[in-house]
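Enquirer: 3D model of this:
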Amino acid sequence: MGGSSLAHTRWACSYPIIFIPKYRRKVFFKEIRKEVGEILRTLCEYKNVELVKGSLSADHVHMYVKIPPKLSVSEFMGYLKGKSALMVFDRFPQMKQGSSRHLRARGYYVSTVGINKDVIRECIQKQEEADIIEDKAGK
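Expert: Predicted coordinates for the structure are as follows:
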């Protein structure tokens with residue numbers, strides 16, 4: 001039986017997670033990928049979440065993480081997306097242009113099993129479409 005332990009609990013809870021930057025911030029996001037990666041790694045460490053593997057593309061963030069069972073995936077993602085946006089805006093004040101203080105589109109994709117490239121592409125497309133619709137409705 002592999003995995004990590006918490007007090008009297010052995011666990012192996014790992015998840016592939018995908019989320020995208022807001023449609024309007026894609027160009028800038030591409031330029032700060034390295035810094036965003038450092039921020040995400042730091043925030044994972046703060047919550048004792050193991051970042052097994054991660055990649056940042058121009059249009060999405062793909063992370064494979066091990067989240068302790070005492071922390072829900074949605075709680076962790078709310079923390080990760082919210083705190084990382086604040087840290088990015090702090091490091092890059094020029095990103096505060098406009099009224100939106102959001103760096104990433106709403107929502108994310110999470111699975112309890114491996115995912116393939118077709119699922120990733122579909123997830124990114126649907127999140128982008130929803131972000132564009134939300135952006136137009138907010139104007």
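Enquirer: Not counting sequence-adjacent ones, nearest residue to residue 73?
Expert: The spatially closest residue to residue 73, leaving aside those adjacent along the chain, is residue 110, at 5.4 Å (Cβ to Cβ, 6 or more residues apart in numbering). To be clear about C-beta, it is placed using only N, CA and C from the backbone, and glycine gets the same treatment.
Enquirer: does that neighbour really touch residue 15, like I thought?
Expert: Yes. Counting by Cβ atoms under 8 Å, residue 15 is a contact partner of residue 110 at 5.3 Å.
Enquirer: what sits in contact with each of these two?
Expert: Common contacts of residue 110 and residue 15 (Cβ atoms under 8 Å, 6 or more residues apart in numbering): residue 73.
Enquirer: Give me the spatial nearest neighbour of the most centrally placed residue in the chain, chain neighbours excluded.
Expert: Ranked by distance to the mean C-alpha position of the chain (Cα atoms, centre = their mean), the top residue is residue 19 at 4.9 Å. In space, and not counting its chain neighbours, residue 19 is closest to residue 108: 3.9 Å by Cβ to Cβ, 6+ apart.
Enquirer: For the one you found, which residues are in contact?
Expert: Residues in contact with residue 108 (Cβ under 8 Å, 6+ apart) are 17, 18, 19, 77, 81, 127.
Enquirer: Keep only those of those residues that are in strands.
Expert: Of the contacts of residue 108, the ones assigned to strands by DSSP state E are 17, 18, 19.
Enquirer: Which of those sits closest to residue 72?
Expert: Minimum distance to residue 72 across the ones in strands among the contacts of residue 108 is 12.7 Å, recorded for residue 17 (Cβ to Cβ).
Enquirer: wait, that closest one sits on residue 67?
Expert: No. Between residue 17 and residue 67 there is no contact under Cβ under 8 Å: 9.2 Å.
Enquirer: which residues are in contact with both of those two?
Expert: Counting by Cβ under 8 Å, 6+ apart, the residues touching both residue 17 and residue 67 are residue 73.
Enquirer: tell me the phi and psi of residue 92?
Expert: phi -130, psi 80 (degrees, to the nearest 10).
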